[in-house]
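> Below are the sequence and a predicted model; questions follow.
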Amino acid sequence: MRREPVSLTRHLRVYAYRAHTVLEFRGEIDISAAAEILPVLDRVTARPGARVVIDLRSVDFFDCSGLRLLYRARAHVQAGDGRLHLVCTHPLTLRVLRVTGLSRLLPPHATPDAALEQAGAASGSW
């Protein structure tokens, strides 16, 4: 059951979906947005056994600050033996993920449901 998203900042909404915490990034994810998102991202991803979906579908711009957030989330979740899934459909953001190689570590999916269907596979593994 999906609860109504809570807007924590203008760049981040958080809600529960299918026993996962969804972090929905919104708008332009640059250094300023990353500073707003980071405390919540750390709190959610540092929990032991965290089950997290990062949803980038509402992102208009994504730079290296956003990449750092994704790498950080992945490291925290892996350290706590959790699961991390990525949702992304924006062509330019997908290109950034491919060019940097992050799409191999965190394969993007079109929807949260598609990401969670792959939950049995190792998410974000080397």
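Cool, the structure landed.
> So which bits of the strand or helix carrying L67 are buried?
Counting by DSSP states H and E, the element that carries L67 is helix 64-79. For helix 64-79, burial by neighbour count (16 or more other C-beta atoms under 10 Å) applies to S65, G66, L67, L69, L70, R72, A73, R74, H76, V77, Q78. No exception for glycine: its C-beta is placed from N, CA and C like everyone else's.
> could these be laid out in CSV, adding distance to L106 and pLDDT?
Listed next are the buried residues of helix 64-79 as CSV, based on distance: C-beta to C-beta, whole Å; pLDDT from 0 to 100:
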residue, distance to L106, pLDDT
S65, 16, 97
G66, 12, 97
L67, 10, 97
L69, 11, 98
L70, 6, 98
R72, 12, 98
A73, 9, 98
R74, 6, 97
H76, 13, 98
V77, 10, 97
Q78, 11, 96
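> Max pairwise distance over those: which two?
Using C-beta to C-beta, the buried residues of helix 64-79 reach their maximum pairwise distance at S65 and Q78, which is 20.8 Å.
> pretty sure I37 is touching H11, no?
Yes: with contact defined as C-beta atoms under 8 Å, I37 counts as touching H11 (5.8 Å).
> Overlap of the contact sets of those two?
Shared contacts of I37 and H11, defined by C-beta atoms under 8 Å, 6 or more residues apart in numbering, comprise F25, I29.
> who touches stretch 45-55?
17, 19-25, 44, 70, 72-73, 76-77, 79-88, 112, 115-116.
> Just the buried ones among those residues, please.
17, 20-25, 44, 70, 72-73, 76-77, 82-88, 112, 115-116.
> So which of those belong to helices?
V44, L70, R72, A73, H76, V77, P112, A115, L116 (DSSP state H).
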